[in-house]
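[1] sequence first, then the predicted structure, then my questions.
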Amino acid sequence: MSVNDGPLIVQSDKTLLLEVDHDKADECRKAIAPFAELERAPEHVHTYRVTPLALWNARAAGHDAEQVVDALISHSRYPVPHALLVDVAETMARYGRLRLEKDPVHGLILTSSDRAVLEEVLRSKKIQPMLGERLGADSVVVHPSDRGNVKQALLKLGWPAEDLAGYVDGEHHPIDLAQDGWNLRPYQQEAADAFWHGGSGVVVLPCGAGKTIVGAAAMAHARATTLILVTNTVSAHQWKQELIKRTSLTEDEIGEYSGSKKEIRPVTIATYQVMTTRRKGVYSHLELFDARDWGLIVYDEVHLLPAPIFRMTADLQARRRIGLTATLVREDGREGDVFSLIGPKRYDAPWKEMENQGWIAPADCVEVRVTLTDEERLAYAMAESEERYRFCATTPSKTRVTEALVHRHLGDQVLVIGQYIDQLDELGEHLNAPVIKGETRIKERERLYQAFRDKEIQVLVVSKVANFSIDLPEAAVAIQVSGTFGSRQEEAQRLGRVLRPKADGGGARFYTVVSRDTVDQEFAAHRQRFLAEQGYAYQIIDADDVLGGV
Amino acid sequence: MASMEFTEWIRARSDEQLRALVSARPELITPVPAHLEGLAARAGSPSAIGRALDRLDRFTLAVVETLAVQDGPAPRETLADLVARALAAGEPEPALGAALDRLRDLALVYGPDDALDLAPGVRKALDDPAGLGPPVAEVFRHHPPEQLDEMADDIAPGTTGTGKERLAAALAEPAKLLEEVSGEARAALDQLAWGPATGRVPNARREVRVGSARSPIEQLLARGLLAATGEESVTLPREVGLHLRGGRVHRDLLAAPPALEGTAREQELADRTAAGQAFAFVRVVEELCERWSFEPPGVLRTGGLGVRDMKRVTTELDVPEWAAALAVEVAHAAGLVAQGGGVDGEWLPTTGYDLWRVRSTADRWVTLALTWLHMDRVPGLVGERDERDRPLNALHPDLRRTAAPVVRTAALGVLASAPGLAPSRASVLDRMAWEQPRRRGPLREQLVEFALREAEQVGVTGLGVLSGHGRALMMGAGIGPGPAEGAGTATGSRAGKASGAKGTKGAAAKAAAAGDPAAVLAPLLPEPVDHVLLQADLTAVAPGPLTSELNRWMTLAADVESKGGATVYRFSDASVRRALDAGQGADELLAALEHHSATPMPQALSYLVADVARRHGRIRVGSASAYVRCDDPALLDQIIADRRSASLRLRRLAPTVIASRTSRAALIDSLRAMGYAPVAESLDGDVIVSRLDGRRSEGPAQTRSVPASNGLDAEVAAAAVRALRAGDAAHLTRREPVAAPGGTIPRGPATSTITALQDAIKQGERVWIGYLDSQGNATSRILEPARMEGGYLTAYDETRAAVHRFALHRITGVAGLS
């Protein structure tokens, strides 16, 4: 037999195609997962991509090139192009040639096992100012404040440095998990352990898989004062409640640092927004980072981390950092900064697998195609190009179909999610449901969320403020009426709203209402592709079927 | 006279030996000399000797050098003794006999075993044999006689003869002189002892006497232990050098090629890797040609491909720049792309490409790999700078290096000698330095490096090991080790054992032994598949190369997203529309996809096709140059019905509109002539879309390949020897012309004439022919035909006692002589 019967096909553009129905698919997935990012997971063939970052992640996790090459060769159905193997080996060899280390005399130093590499980076104009005195042939002093910047710059040059300079312990503070009536799920334990052994890094878990608990477990490892950075105030409140529930921490020990409150306590939860507020061109809350001797910094939703926070993080390299996210894909392409500033990926588990294990609810995605009326089509054709999406996303036809869908799921907890406030208001009015939008006060939002959780309210209409970090486990149906131009990340977040496991163990349903033959449908195509790539069953139905069914 | 003896020796060689000589040194018979004296003279020319010496390995060359430092003919025992002393410690006793046989075959050494001598000219061609300087008689040639006398007086008082003779006699036994000089002087000599024999010293020509010599160098110069050979250079005379070497000519001589060092690899893995790369290389070349079909790069004024175009190719093919240059050069050398089109010239695929494209992957690879092996161009130089500091472009004439194919073959030969081993670069260079010690230099090392790197990229080697198909390729090309060394069969059997599958391996080994690389490679390549996997994210994955029919469907209806062992296609609005534009119906398309899909048709895809089909063709666009519009359909009916309107080529688009292909002015005129009263309307525009066609170069590819120096065709060699013998016989006997027999020769048709002459050449028989000379007179000759080519017969004409060329068309008939 001259050609292997492996499940893997290695493409010349460094993507790996894994045939999932193959007997050895599972074994192969485990072998390639450390060094290849899952890019698409549709039903038959999964696509992984081998990127330099992925290879360096693997290297950081202790895998070597020999293992990677072996995994490729032994699972590949066809001969693997030699050039690709060479490239893999070369790329992996670049990680760790340079190391940041602690020197008893000189403090932070950059050392190299390869003098030529050190010479190369020393010639870089970007890096020169961050370095100090040359110590012999193989090392050079690094200004401690530039630890992050140096790592960032080195990554850009293609010589990512291994950071072995260690961390400060921070101010000790007892934190324990209070596992009364619940237990850390195995993967949560693994994720927290993987992070702790790696020192700093990112944990990738799907929405609804309990990232907050992984954060809490990490805190229990660190047993030190902790700064938690979250996307918004509501999310901050949820973190607080969750921590009180899951750990030995009491309400007094947890502070909130947001627009309205400025508490600094052993565990402080701050929002990205308040950290990036500027007064007279100066970030006015930077002192929070120095307010205590933090032993751990938790970044929630790392893929949304705003640029200023990156800059601030560059100065915090001596502290342990954990990033939590559902996806490493950033729409701004700053994955490299996450790698160099927060740390390499420490844990990753595919959505589908978690779903199979019952940790997250299976979701059924349905696209409902609405045919516009002739008047609407004419009006759409005449709309200004920048108004077009808004127009087709908010047509009365859509509103009608949305109402029909809500009626169809009478008795279920239904979330209606949209982009445009007047559309949401109108829907709220028609459905006789409360609307949560940007201007809704925090107190009111929380009251409504609570009522929804308690099933006092069955239908809730929300704007994009609810995209992130709101825990609504009982939402069984989500209806998306308009979105941010087909953003993949938004899709992941919204889907996450309904993926929390249901008390009755039932599946979730995710509707997207789309106007046929308009830009709305084009955007929907992006979303559809994303969802299909994530491995969700995706079904298209006609609005008439919905309307007819009522 | 040596040259006389040599000529006689040559003459005494058997025909078989002569054939071996001209086969090994084909330059001796281009053109064929008239007689053996000519052959001997040519064999002694410096350039011919240089080429012959270039082909010798380290050990055989050492034998020549050892002979060269002897004053005259030497008995074999002396030679054996000298060689044995020169061997590195632990080396096995060499096969001196084999080396001498080889040298005799090459006519570099001649004479009986008790008086072996170098052929005339060889001594001269070796200017510093084994790093030894010239002998005393030579090295002091330019010294004034008075100075030589003084020196001789100093070191050999009381002897007689000329200064030079006395000096030579004294230096032949330099032991005593060496004892006289200081330790420092001795150390200086030791530095020159093992070559190079020349050193630099300021003011070398100073006049010194033994009495007045102060510095170590002066002590040596005064005694003639060093000779000034320039203003600033001194040379160690050969006699002194040999003495310092303890009478040995060489040291640390290796009798057999040095062993190769490197990493051992599993041959099967190497084969698979190489096959993967071979597949990738064929694809890269194909993609290059496809891209150039539509966007051909321009030809530079100096010839070649611009730097920017090269960069583009590199990006598009997604390979390193040197690999892109390799693909471009091989495609060109294989005649797949050539200069053509346009005024300024463009690089376009040739019609040869179209033929190549439809062949099987394995065949296509063989074409490319053979081209690479034989081409005299060096893609590795692309991007480097020439001596005038201009960058070297791909496809530029300057990329030619005659040594390139030779080096490639030699490097692969080294790999072939070590199955299952990936030798290190240094080790390959060492081995090649042993095999061809006279051919070295920076260019050569660079070429070896390129050859190894390119062999991997082309897929001849995998993981640094010569692959099975690579071996078959070399054997097919008539180079390489052949099965005689057992390498090919050993590989096959070993791989067979490893996999436990006998059938295919056995066949592959057989194909390898038969030098059929395509047959060896084919089973390693992905087999064509006849299905795709359709997925809900609107992609289709072809888990291998597709059969041609399915491939046509897929390229029509989807865009290629990723290539490699598999192909990933993506369906989009545009791609489906393209399929519909090409005349496929939506149902037909869906049915074809469903038929070829191993998985159920995803709903998203059927919706996509239906969506596009629903909109497709609803709006129709045509071109017309004028139209007629009228609110009254009856009037238009009337115009259409009118016979006079036939020439206007009218077409009813709608009840109230007629389109016409004639111009607006002509239409108006015609309508007026028909009695209507039309008025002109303002302008409208129309768009013509046409698909680009792939373009092809007109001219044939201008490529050149140098055949490997694998010796002459046996028949050519035999013919040459026959001609030489005939010429020589004539030359020696100065035979009187014999009279042609009387009578006329039966006239025969041209074909039978040629057959008869061919037979005569093969059998070495004489024939009687009728010949029309240049004046048109019918003559009759008796010939010993030697060879026939290009419409001419070369033969010894007994009736004229000379070798002549005869135009075949003027030979009127042939008859045998009984």
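    Done, it's in.
[2] what is the burial count for the closest residue to chain A within the stretch 601-750 of chain B?
    Taking Cβ to the nearest Cβ as the measure, the stretch 601-750 of chain B has B:Tyr607 as its residue closest to chain A, at 5.0 Å. The way it works is simple: take the backbone N, C-alpha and C, and place the C-beta from them, glycine included. By the other Cβ atoms under 10 Å in any protein chain shown criterion, the neighbourhood of B:Tyr607 contains 16 residues.
[3] name the SS class of it, please.
    Assigned by DSSP: H, G, I helix; E, B strand; the rest coil, the conformation of B:Tyr607 is helix.
[4] not counting sequence-adjacent ones, nearest residue to residue 253?
    Reading this off chain A. Take A:Glu253 and drop its neighbours on the chain: the residue closest to it by Cβ to Cβ, 6 or more residues apart in numbering or on different chains is A:Pro266, 5.1 Å away.
[5] let's do chain B instead
    Closest residue in space to B:Leu253, ignoring its immediate chain neighbours: B:Ala86 at 4.4 Å, by Cβ to Cβ, 6+ apart.
[6] ok, now which ones touch that neighbour?
    The contact partners of B:Ala86, by Cβ atoms under 8 Å, 6 or more residues apart in numbering or on different chains, come to B:62, B:66, B:248-251, B:253.
[7] same question, B:Gly585
    B:Gly585 makes contact with B:Ala613 under the criterion Cβ under 8 Å, 6+ apart.
[8] mind doing that once more with 10 Å?
    B:579, B:591, B:613, B:616 (Cβ atoms under 10 Å, 6 or more residues apart in numbering or on different chains).
[9] B:Gly764 too?
    Counting by Cβ under 10 Å, 6+ apart, B:Gly764 makes contact with B:15, B:718, B:722, B:725-726, B:784-786.
[10] got the phi and psi for it?
    phi 70, psi 30 (degrees, to the nearest 10).
[11] one more: A:Ile254?
    Taking degrees, to the nearest 10 as the convention, A:Ile254 sits at phi -110, psi 120.
[12] the closest residue to it other than its chain neighbours bridge partners, please.
    Counting by Cβ to Cβ, 6+ apart, the nearest residue to A:Ile254 once its immediate chain neighbours are dropped is A:Val267, at 4.8 Å. For A:Val267, the beta-bridge partners under DSSP bridges are A:Thr226, A:Ile254.
[13] quick one: pLDDT of A:Leu243?
    According to the predicted model, the pLDDT of A:Leu243 comes to 91.
[14] so what does the helix or strand hosting it touch, helix or strand wise?
    A:Leu243 is located in helix A:233-246, with elements delineated by DSSP states H and E. Of the remaining helices and strands, those touching helix A:233-246 by 3 or more Cβ pairs under 10 Å, 6 or more residues apart in numbering or on different chains; DSSP states H and E are helix A:211-222, strand A:226-230, strand A:254-257, strand A:267-271, helix A:272-275, helix A:442-453.
[15] apart from its chain neighbours, what residue comes closest to the residue in chain A that chain B sits nearest to?
    Checking chain A residue by residue against chain B with Cβ to the nearest Cβ singles out A:Pro79 as nearest, at 2.6 Å. Ranked by Cβ to Cβ, 6+ apart and with sequence neighbours excluded, the top spatial neighbour of A:Pro79 is B:Gly276, at 2.6 Å.
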